Each structure stands twice: as structure tokens, then as C-alpha cells.
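[1] Fold the following.
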Amino acid sequence: MCLAKSLNNARKPTAIALGNFDGVHRGHRQVINPIFQVADSVWATVVTFNPHPQEFFTGQPRLLLTPTPEKVQQLEALGVAQVVLLPFDRDLAQLSASEFVAKILVQQLQAKLVTVGADFRFGSQRGGTAGDLVSIASGFGVRVAIAPLQTCVEGKIGSSLIRKALEDGELSQANRLLGRPYSLVGVVRKGEQLGRTIGFPTANLQLPPEKFLPRQGVYGVRVSCEAIASPVLGVMNLGKRPTVNGTRQTVEVHLLDWSGDLYGQTLTVSLEAYIRPEQKFASLDDLKTQILADCEAAIKYQ
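    Numbers count the residues shown, from 1 in each chain. Here you go, the predicted structure:
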């Protein structure tokens, strides 16, 4: 996988899937798939924007289903050969649709094929449509493929629908729309080590600040990292730990049938099942009893 953080570092010629691709969900994959049907001499490339255009225009940080490192990881798993992070700044925002095609896609990236979703918009004030892209690109001999919108019973498969499902604790729906389990990727840091005192040691996960978090509560998860030979089951608590009067949101993962030092390791925690909301217990003994039940539930859901 080649990661180009500027156009000057991009390898070319290219077959380009163009878009934000936050979540790398089932709808996105329909846009990406055509770039694999190209000659070996052409780089199967995803061109995405950094920061997210909405963040640029509003000036407000945007929480992401897949922060950049996680997005790159997901795209690499699909077989994408190159990811180009297009810096979204004022100069790029002011390019007309025609200028974007000529200067970015043709001159800089030597595109042979460009694929987009049917609702793709581009150029100054989002003035260009997917149809405009077809007509402009054809003048340069560049083929454009437009992927139809992917729908489900809830509507168009998109990041907004997935976010809503995660906020509501509808994890099975979110995972179905993603086409994979929603995951949290972070580094294990030292916590208060309270779990050890009740027999359930946990890995305290530090996540990127821009990561979109699902509903607070307890989840059945599957955990992987370099220190673990194969993914192991676990139970994750996302919340403020009201039983011990916690005030800060934490992400803590207890691994089943595995023990070892994970400090400093990067964990990928795949959310498999939403078990229950977070709640306050009368005592640590009551909490311990509930965690035992949560572990049994996590095993049952796998």
C-alpha cells in the first residue's frame, strides 16, 4: 500500500475511486470495486480529502467513523494499492469543476478511470455533479463510472444512517450496513487498574479524539493486536463507570481466556454485540456478578 499525503508523492497513472469514504461501508465498496478492473500498470487508487470538507467549511471538528489511519487500513484490506490524501484547503475549494478535473485528476494524477457515487458533488460550491464529471472527463479521454446508490430497508446506505444506528445501540444494523463489525482502534494506556482488584483486568484504550463513539454501554467484542496470535473474545465497557463515581468517559476491554502485558500495544476492538446499557451498581460485588453475566453473554453472541 502506498500512502501519498500530497499529489507530488502519488504514483501514476491511476484508476481513481473519488470520495470521502468515511466508514468504508457497503455503499463505498460499490464505488471502489471498478478500480480493480484495470491494467497492472495502472495504480488502483482511492483519492479522499483531508480534512473532511465539512470540517473545513464549518471550522468545527468532525467525528469520523474511520479516522485516517483506520480508513487506510480498511482500504488496504480491500486491495487498494494507493491512497491519496488530497489536502482540502481554500485553493482546492475554489477550483471549478472543470479545473478540478483538468488540474487534479488529469495533470497531477494521470487518471485513466474515475469512479464516483451517483450523488457525488465536486468543485467550487459543490457545483459539479456526477453527470458533469462524465462530460468534462470525456474531453480528456478519461472514462467515468458512476456507482448507483446502495439502499436497504432503512434507506440509502450511508455514514449518517450508520451513525444513527450506533448512537441508538443498534449495533447489528450498523454492522450490516458497514458489511463488517464496527471497530475501535487505539493504544493501551495505564488506567486506574480497578478491574484487577475484582478479578477482571482491563485494557484501557486511548482512541483518536476524532473517533465517533457508539452508545455507552457494554459490548461483546473480538480483540486483535500484534501480541495476540489470533483474535480473542472480550467484553468492552464504554462509559463513565458510575459504580465507582467516575466522571470521565473511558473505553475498557476485558479479554476472555487471555492474559499478558498489552501496555503500548495498538488494539483493534471489533464490536460484535451490544449487551446492555451502562448502569450503576450498589456495590463492587454486584458489579462483579454482572461482569460474569456479561462475559457469558459475550460468548453466547459469538
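[2] All the helices of the stretch 51-200 of the chain, residue numbers only.
    Using DSSP state H, counting those that start in this stretch, the helices of the stretch 51-200 of the chain run over residues 53-58, 68-78, 90-93, 97-99, 130-138, 159-167, 171-178, 194-197.
[3] Point out the most buried one among those helices.
    The highest mean neighbour count among the helices of the stretch 51-200 of the chain, using mean count of other CB atoms under 10 Å, belongs to helix 171-178: a mean of 21. Using the backbone N, CA and C atoms, a C-beta is placed for each residue, glycine as well.
[4] Which elements pack onto that helix?
    Under the contact definition 3 or more CB pairs under 8 Å, 6 or more residues apart in numbering; DSSP states H and E, helix 171-178 sits against helix 159-167, strand 266-276.
[5] just to revisit the earlier point, same list (the helices of the stretch 51-200 of the chain) but as JSON lines, adding mean pLDDT and distance to Asn20.
    Shown next, in JSON lines, are the helices of the stretch 51-200 of the chain (pLDDT from 0 to 100; distance: least, CB to CB, whole Å):
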{"stretch": "helix 53-58", "mean pLDDT": "87", "distance to Asn20": "7"}
{"stretch": "helix 68-78", "mean pLDDT": "95", "distance to Asn20": "9"}
{"stretch": "helix 90-93", "mean pLDDT": "92", "distance to Asn20": "14"}
{"stretch": "helix 97-99", "mean pLDDT": "97", "distance to Asn20": "17"}
{"stretch": "helix 130-138", "mean pLDDT": "96", "distance to Asn20": "15"}
{"stretch": "helix 159-167", "mean pLDDT": "95", "distance to Asn20": "8"}
{"stretch": "helix 171-178", "mean pLDDT": "96", "distance to Asn20": "15"}
{"stretch": "helix 194-197", "mean pLDDT": "55", "distance to Asn20": "38"}
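[6] one step back: can you check which of the helices and strands packed on helix 171-178 gets nearest to Ala97?
    Nearest of the helices and strands packed on helix 171-178 to Ala97, taken as CB to CB: helix 159-167 at 23.2 Å.
[7] any idea how far Val134 lies from Val101?
    10 Å (CB to CB, to the nearest Å).
[8] ok, now Thr115?
    In this view, Thr115 and Val101 are 14 Å apart by CB to CB.
[9] ditto for Ala93
    15 Å.
[10] again with Lys240
    49 Å.
[11] Which of the two has more residues huddled nearby?
    Regarding Lys240 and Val101, a neighbour count based on other CB atoms under 10 Å identifies Val101 as having more, with 26 against 16.
[12] residues contacting the more buried one?
    Val101 sits next to Leu133, Ile136, Ala137, Phe140, Val142 when contact means CB atoms under 8 Å, 6 or more residues apart in numbering.
[13] And for Ser230?
    Residues in contact with Ser230 (CB under 8 Å, 6+ apart) are Ser224.
[14] tell me the phi and psi of it?
    Backbone geometry at Ser230, expressed as degrees, to the nearest 10, gives phi -140, psi 150.
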